[in-house]
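In: Sequence and predicted structure below; questions after.
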Amino acid sequence: MARILIVDDSPSQLLGIKRIVEKLGHETLCAEDGAAGVEVAKAEKPDLILMDVVMPNLNGFQATRTISKNPDTAHIPIILVTTKDQETDKVWGMRQGAKAYVTKPIREEELIKALKEFLPH
């Protein structure tokens with residue numbers, strides 16, 4: 001199955017997302033802020049990244065931009081998973097290189113649909 005990096009500074013959100021992803025049979029990698037997420041993405045080259053936006057150090061928009069502009073990690077699809085639900089946030093997130101945008105509280109079906117759409121078949 002796929003290796004999925006989950007980047008979220010909330011332990012409860014991280015656990016919830018991890019549970020959904022692992023239930024689908026995928027392996028998870030975790031990072032607790034954007035800076036750590038960028039490092040794990042470079043080192044591990046996951047198949048997909050689920051990225052929170054509101055985090056300390058480097059926010060999810062900045063981390064997404066960094067990963068999507070780096071030739072070594074640009075191929076990795078990033079799905080933003082965030083409480084920021086304004087249309088301007090979605091547009092900005094996609095401009096940073098995100099492939100999809102899922103809002104919190106997470107609806108499991110929505111997350112699964114996004115995962116299936118962007119994971120290699």
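Out: Arrived safely, thanks for sending. Numbers count the residues shown, from 1 in each chain.
In: Tell me where the model's unsure across the chain.
Out: For the chain, residues meeting the criterion pLDDT under 70 lie at 121.
In: give me the element residue 92 is part of.
Out: helix 87-95 (DSSP states H and E).
In: Can you dump the C-alpha atoms of that helix in PDB for me?
Out: The C-alpha coordinates for helix 87-95 follow below in PDB (Å, rounded to 0.1, in the frame of the first residue of the first chain):
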ATOM      1  CA  GLU A  87     -12.800  30.200  -0.500                       C
ATOM      2  CA  THR A  88      -9.700  32.500  -0.500                       C
ATOM      3  CA  ASP A  89      -7.900  29.900   1.700                       C
ATOM      4  CA  LYS A  90      -8.700  27.100  -0.700                       C
ATOM      5  CA  VAL A  91      -7.500  29.200  -3.700                       C
ATOM      6  CA  TRP A  92      -4.300  30.200  -1.900                       C
ATOM      7  CA  GLY A  93      -3.700  26.600  -0.900                       C
ATOM      8  CA  MET A  94      -4.000  25.300  -4.500                       C
ATOM      9  CA  ARG A  95      -1.700  28.100  -5.600                       C
END
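In: Show the subsequent helix or strand relative to that helix.
Out: Heading C-terminal from helix 87-95 (DSSP H and E), you reach strand 100-103.
In: what packs against that next one?
Out: Counting by 3 or more Cβ pairs under 8 Å, 6 or more residues apart in numbering; DSSP states H and E, the packing neighbours recorded for strand 100-103 are strand 78-82, helix 87-95, helix 108-118. Bear in mind the C-beta positions are built from the backbone N, C-alpha and C, glycine included.
In: partners of it, with directions?
Out: In the sheet, strand 100-103 lines up against strand 78-82 (parallel) (DSSP bridges).
In: Give me the contact list for the strand it pairs with.
Out: By Cβ atoms under 8 Å, 6 or more residues apart in numbering, the residues outside strand 78-82 that reach it are 8, 17, 48-54, 60, 64, 67-68, 89, 93, 97-104, 106, 111, 114-115, 118.
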